[in-house]
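A.B. asks: Structure, please.
(2 chains)
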Number of protein chains: 2
Amino acid sequence: MTTTNLFPEFEALGSGGAYADKIREVTPHNALFDEFNVDDLKQLGPFLQIYRAPAHQVIIAEDDKGDFMIFIIDGAVDVTKKDRSEVVKRIAVVLPGQALGEMSMIDGEARFASCAAIEPTTFAVLTRPALQELIHHQPRLAGKIMMKLVFMLSQRLRQTSAKLVDYIEK
Amino acid sequence: MTTTNLFPEFEALGSGGAYADKIREVTPHNALFDEFNVDDLKQLGPFLQIYRAPAHQVIIAEDDKGDFMIFIIDGAVDVTKKDRSEVVKRIAVVLPGQALGEMSMIDGEARFASCAAIEPTTFAVLTRPALQELIHHQPRLAGKIMMKLVFMLSQRLRQTSAKLVDYIEK
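C.D. replies: As a prediction, the model looks like this:
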């Protein structure tokens, strides 16, 4: 398991084991599929690294390379992106239980937006190598994580598309 | 395995086994994660049902309930949605290798948009019960499907969000 310190400037709080209950508590519920149980989160713990960012610190920078996603445990994160005219716009505020950065983790493209802590923010990091290890060694657990990701992406795509459709010319 | 005929008005082409090569050929490639191999698609075949819709037939209707996704094997599908003023707008044209309906399959909410065949269109159907069976009995294969879904949703979210950011007020 890779244990590179991805955020040397932030407080490193170790692996995810000690945060299992907290992660379970904030994870969005999807009644249609199996939920994470206590054993799942015990197995998942070693694959996650926990960090705490001070207020106003950038966690992910637009256009950077990056192969990890983060999951907000507590705090709040501002998501901003430059439009075609390079004007920086706030596109979302992300709260505990939501993920960020999963698009680059999955598709390998550059970061779509920047994320900065609004207040002191604790987050779990899942890297692509850790997810690949999970898929190989804990496929059932990896499937549950992927299900949560699909669920969260679906919800965001519904919201984003619903906003966009009002701007589309007939 | 459920084998309900979901589309009695369309030609039913049986389970996915005979379409394994074709499905593999049109599936988008993601170099960062394992691809489907021949064995995967042999295992997946019985979980899929294949149908062929004539031109101009509605496959999914906005606001309907529905717990399945479709995967386009050949043909083309128009995706339309009503805006806030009930004006119908085309939001996408979906081609072979792309999926539709996965949001409702995963989150259980009503269909976000309508999908109609532009030309005669062959598609594979994966229902939520079939996906749940896959997760329980073939977790590694289910993980690969989920990975493809996350990849496709990520790409669509990037495209949709990139369009939307130009409309957001600073």
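A.B. asks: mind checking the longest helix of chain A?
C.D. replies: Within chain A, and with DSSP state H defining each element, the longest helix by residue count is helix A:139-165.
A.B. asks: Okay, buried residues for that one please.
C.D. replies: For helix A:139-165, a neighbour-count test (16 or more other Cβ atoms under 10 Å in any protein chain shown) marks A:139-158, A:160-161, A:164-165 as buried. (C-beta placed from N, C-alpha, C; glycine too.)
A.B. asks: From the chain's centre, how far out is that helix? Work that out for me.
C.D. replies: 12 Å (Cα atoms, centre = their mean, to the nearest Å).
A.B. asks: Also stretch A:8-17?
C.D. replies: For stretch A:8-17, the distance to the chain centre is 15 Å (Cα atoms, centre = their mean).
A.B. asks: Please enumerate residues in contact with that stretch?
C.D. replies: A:3, A:5, A:19, A:23, A:41-42, A:44-54, A:57, A:122, A:124 (Cβ atoms under 8 Å, 6 or more residues apart in numbering or on different chains).
A.B. asks: Tell me how far A:Pro96 lies from chain B.
C.D. replies: 20 Å (Cβ to the nearest Cβ, to the nearest Å).
A.B. asks: residue in chain A nearest to chain B?
C.D. replies: Nearest residue of chain A to chain B: A:Met146, at 3.2 Å (Cβ to the nearest Cβ).
A.B. asks: Am I right that that residue is in contact with B:Met147?
C.D. replies: Yes. Taking contacts as Cβ atoms under 8 Å, A:Met146 lies within contact range of B:Met147: 6.1 Å.
A.B. asks: can you give me the strands for chain A?
C.D. replies: A:11-15, A:49-53, A:58-60, A:68-74, A:77-82, A:88-94, A:99-100, A:114-117, A:121-127 (DSSP state E).
A.B. asks: Among those strands, single out whichever gets nearest to A:Pro28.
C.D. replies: For the strands of chain A, the distance to A:Pro28 is smallest for strand A:99-100, at 9.7 Å, taking Cβ to Cβ.
A.B. asks: which among the contacts of stretch A:8-17 end up buried?
C.D. replies: Buried, going by 16+ other Cβ under 10 Å: A:19, A:23, A:41, A:44-45, A:47-53, A:122, A:124, out of the contacts of stretch A:8-17.
A.B. asks: per-residue confidence at A:Ser85?
C.D. replies: Note for A:Ser85: predicted pLDDT of 90.
A.B. asks: how far away is it from A:Phe112?
C.D. replies: 17 Å (Cβ to Cβ, to the nearest Å).
A.B. asks: Neighbour count for the two, which is higher?
C.D. replies: A:Phe112 (22 against 7; other Cβ atoms under 10 Å in any protein chain shown).
A.B. asks: My read is that that one contacts B:Thr160, right?
C.D. replies: No. The criterion here is Cβ under 8 Å, and A:Phe112 misses it with B:Thr160 at 11.1 Å.
A.B. asks: Give the residues shared as contacts by the two.
C.D. replies: With the criterion set as Cβ under 8 Å, 6+ apart, the contacts of A:Phe112 and B:Thr160 do not overlap.
A.B. asks: Between the two ends of stretch A:95-112, what distance do you get?
C.D. replies: The first and last residues of stretch A:95-112 sit 18 Å apart, counting by Cα to Cα, to the nearest Å.
A.B. asks: Could you tell me the average pLDDT over it, please?
C.D. replies: 92.
A.B. asks: got it, and stretch A:11-19?
C.D. replies: Per-residue scores along stretch A:11-19 average to 91.
A.B. asks: quick one: it to chain centroid distance?
C.D. replies: The answer for stretch A:11-19 is 16 Å, by Cα atoms, centre = their mean.
A.B. asks: So for that stretch, what gets flagged as buried?
C.D. replies: Buried-residue list, stretch A:11-19, by 16+ other Cβ under 10 Å: A:13, A:15-16, A:19.
A.B. asks: likewise stretch A:57-73?
C.D. replies: So for stretch A:57-73, counting by 16+ other Cβ under 10 Å, buried means A:59-60, A:62, A:66-73.
A.B. asks: burial count for A:Ala116?
C.D. replies: A:Ala116, neighbours per other Cβ under 10 Å, totals 17.
A.B. asks: which residues does it form a beta bridge with?
C.D. replies: A:Val58, A:Asp78 (DSSP bridges).
A.B. asks: could you list every residue that touches the residue nearest to A:Phe151 when sequence neighbours are not counted?
C.D. replies: Distances taken as Cβ to Cβ, 6 or more residues apart in numbering or on different chains place A:Asn30 nearest to A:Phe151, at 4.9 Å, with adjacent residues excluded. Listed by Cβ under 8 Å, 6+ apart, the contact set of A:Asn30 reads A:147-148, A:151, B:106-107.
A.B. asks: switch to 10 Å and redo it
C.D. replies: The neighbours of A:Asn30, taking Cβ atoms under 10 Å, 6 or more residues apart in numbering or on different chains as the test, are A:144, A:147-148, A:150-152, A:154-155, B:106-108.
A.B. asks: of those, closest to B:Arg90?
C.D. replies: A:Ser154 (21.0 Å).
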